[in-house]
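Peer 1: can't give you the sequence, but here's the structure:
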């Protein structure tokens, strides 16, 4: 796909200076030439290029890249493509400002498809959606009509398991519970954070017990799922997204755990003594 | 990309019956026709199709699909493509047996690219790798040479944050710690599961306190990251992968939490009293 250059929010501010130019790449080094030569371009000189969110794994968009687009991406660390409709080099974000910073580039076994793995600075799609794949084909409300939802959240967007769970928790929060009917377990936890916190402490203990009591791998995976699910409900209560947690983890990669712990500001600073609860 | 039909492990068992045939799709319903008509096929009658692991978010492979390949995928719930080299319909797994079961199909805003979101039954790549994107272009050992690793695990595979963390933990386990030098925090936890379990209980408590003491969103994300990291170290100790945890979560989607809790077998069954530890 490609984002339209006439994004309503930015067309007024776009100008020729912002456009990606072929002259913006360096003279090819030997290593760069060897790599670019090794790709299998199709009859139009293109390879497929998929931009993927490094934190969530969401596929943001898929386009095609010429030799120079690949080089531009590697040198400028921004996802760059070739617009087949406008027949020109095109850097995602050059008109909207929503660039995709590229952490790493991966090539497939056939050398005709690339992953640009990185961090989007805003919505990728020209419609304002997070990803261009915001429409499900085969869902209940979808185009083909065969429901495959199995009682789970009916996401239009291509959500992987963790994010589908997050969306399901959000749906439980929003859904209307009929008077007299039993609310879902998630809803009960959302409405009773004291119960939720006691469950988080309990589940963490149970996860430890899978090791301490040698309960086996299956139980360990199950208890870890319990911890993760309950933690995610508490994140929802606090308006935090699991993507925020991933970002924290990513930003810690560059620092050793020992250094990272030493660098943190003392926790007491953040605690308002007037809100301290008895345990 | 496309997997070679001559996979060494399966070529002897492959036969004409296993090959995907165009006649294996139904007569188009009106909804199916409307959808298939709506896609923007290129001059060769193809749209891009990306197979993605629903649990891990890993991009498994990218190929191209004809109209009939898309219909086959939607009807048979198996990722199906058009082999450009063999010029024929090709269902991933028809020769290797490693199919990709498709949970849902998503279309992009330009209607020329699809995501097949699903569960692979084995390695996707003909090389035996989990995904076809097992080669990093710009890593330290990569093809272009510019290291962008920032002290983190230098994955060749396109790993998103959670899986890069998992790979980093595994690397800490395997790395040789020189006599007299300070091991990493992860290594210390791996070697001292009693310390690790006490940290998991402590971090779970600290996550709860972000709510109980109103410590704010940033602290909540940070404490949840701590819980997740420590839990993942314990998974590593027990030989469990985070993908196993995702599978547990996915399999729970179809069941309400209340029903799911009622269905579980009593925990005491799994506990060997001789291994029960004092707390």
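Peer 2: All right, it came through fine. Quantities reported herein were computed from a predicted structural model and do not represent experimental measurements. Residues are numbered from 1 along each chain as shown, chains lettered A, B, ... in the order given.

Peer 1: The residue nearest to residue A:70 when sequence neighbours are not counted: what secondary structure?
Peer 2: Among residues not flanking residue A:70 along the chain, residue A:36 sits closest, at 6.3 Å (C-beta to C-beta, 6 or more residues apart in numbering or on different chains). In short, each C-beta sits where N, CA and C put it, glycine included. Following DSSP: H, G, I helix; E, B strand; the rest coil, residue A:36 is assigned to helix.

Peer 1: In three-state terms, label whichever residue of the stretch 1-150 of chain A sits closest to chain B for me.
Peer 2: Scanning the stretch 1-150 of chain A for the residue nearest chain B gives residue A:57, at 2.3 Å (criterion: C-beta to the nearest C-beta). Assigned state for residue A:57: coil (three-state reduction, three-state DSSP).

Peer 1: Please name the nearest non-neighbouring residue to it.
Peer 2: Nearest residue to residue A:57, sequence neighbours excluded (C-beta to C-beta, 6+ apart): residue B:57, at 2.3 Å.

Peer 1: give me the number of residues near the one you found?
Peer 2: The number of residues packed near residue B:57 is 28, by other C-beta atoms under 10 Å in any protein chain shown.

Peer 1: likewise the one 5 residues further on?
Peer 2: Here the neighbour count serves as a burial measure; for residue B:62 (other C-beta under 10 Å) it reads 29.

Peer 1: Can you pull out the residues in contact with the helix or strand it falls within?
Peer 2: Using DSSP states H and E, residue B:62 maps to strand B:59-65. For strand B:59-65, contacts defined as C-beta atoms under 8 Å, 6 or more residues apart in numbering or on different chains pick out A:48, A:50, A:52, A:59, A:62, A:108, A:113, A:115, B:1-3, B:44, B:46-53, B:73, B:80-84, B:92, B:100, B:114, B:120, B:124-125, B:130-133, B:158.

Peer 1: Let's see which of those residues end up in helices.
Peer 2: Among the contacts of strand B:59-65, the members falling in helices (DSSP state H) are residue B:73.

Peer 1: Show me where chain A has its helices.
Peer 2: Using DSSP H, the helices of chain A run over residues A:30-38, A:67-76, A:161-174, A:185-191, A:193-212, A:217-237, A:242-252, A:257-263.

Peer 1: which strands and helices sit next to the longest one?
Peer 2: Going back to what we said before, that points to helix A:217-237. Packing partners of helix A:217-237 (3 or more C-beta pairs under 8 Å, 6 or more residues apart in numbering or on different chains; DSSP states H and E): helix A:161-174, helix A:185-191, helix A:193-212, helix A:242-252, helix B:193-212, helix B:217-237, helix B:242-252.

Peer 1: most tightly surrounded among these?
Peer 2: Most buried of those, by mean neighbour count (mean count of other C-beta atoms under 10 Å in any protein chain shown): helix B:217-237, with a mean of 22.

Peer 1: for residue A:121, what are its contacts?
Peer 2: So residue A:121 contacts A:93, A:97-101 (C-beta under 8 Å, 6+ apart).

Peer 1: farthest pair in those residues?
Peer 2: Spanning the widest gap among the contacts of residue A:121 are A:97 and A:101, at 12.7 Å by C-beta to C-beta.

Peer 1: pretty sure residue A:101 contacts residue A:122?
Peer 2: No: with contact defined as C-beta atoms under 8 Å, residue A:101 does not reach residue A:122; the gap is 11.3 Å.

Peer 1: Any of the contacts of strand B:59-65 buried? List them.
Peer 2: Neighbour counting with 16 or more other C-beta atoms under 10 Å in any protein chain shown marks A:48, A:50, A:52, A:59, A:62, A:108, A:113, A:115, B:1-3, B:46-53, B:73, B:80-84, B:92, B:100, B:114, B:120, B:124-125, B:130-133, B:158 as buried within the contacts of strand B:59-65.

Peer 1: Which members of those are positioned in strands?
Peer 2: A:48, A:50, A:52, A:59, A:62, A:113, A:115, B:47-53, B:80-83, B:100, B:114, B:120 (DSSP state E).

Peer 1: ok so, going back, what angle sits between the strand holding residue B:62 and strand A:47-53?
Peer 2: 140 degrees (axes from the mean of the first three to the mean of the last three C-alpha atoms, to 10 degrees).

Peer 1: Can you get me the centre-to-centre distance for strand B:59-65 and its chain?
Peer 2: 15 Å (C-alpha atoms, centre = their mean, to the nearest Å).

Peer 1: Pairing partners for it, with directions?
Peer 2: strand B:47-53 (antiparallel) (DSSP bridges).

Peer 1: contact partners of stretch A:238-253?
Peer 2: Here stretch A:238-253 makes contact (C-beta under 8 Å, 6+ apart) with A:54-56, A:162-163, A:166, A:232, A:235, A:260, B:150-153, B:160-162, B:164-165, B:168, B:210-211, B:217, B:220-222, B:224-225, B:228-229.

Peer 1: I'd like the distance from it to the chain centre, please.
Peer 2: That offset, for stretch A:238-253, works out to 11 Å (C-alpha atoms, centre = their mean).

Peer 1: need the helix or strand of chain A with the lowest average pLDDT.
Peer 2: Among the helical and strand segments of chain A, the one scoring lowest on mean pLDDT, DSSP states H and E is helix A:257-263, with a mean of 53.

Peer 1: which residue sits closest to the spatially most central residue of chain A in space, ignoring its chain neighbours?
Peer 2: Nearest residue to the geometric centre of chain A (C-alpha atoms, centre = their mean): residue A:56, 2.5 Å. Closest residue in space to residue A:56, ignoring its immediate chain neighbours: residue A:243 at 5.2 Å, by C-beta to C-beta, 6+ apart.
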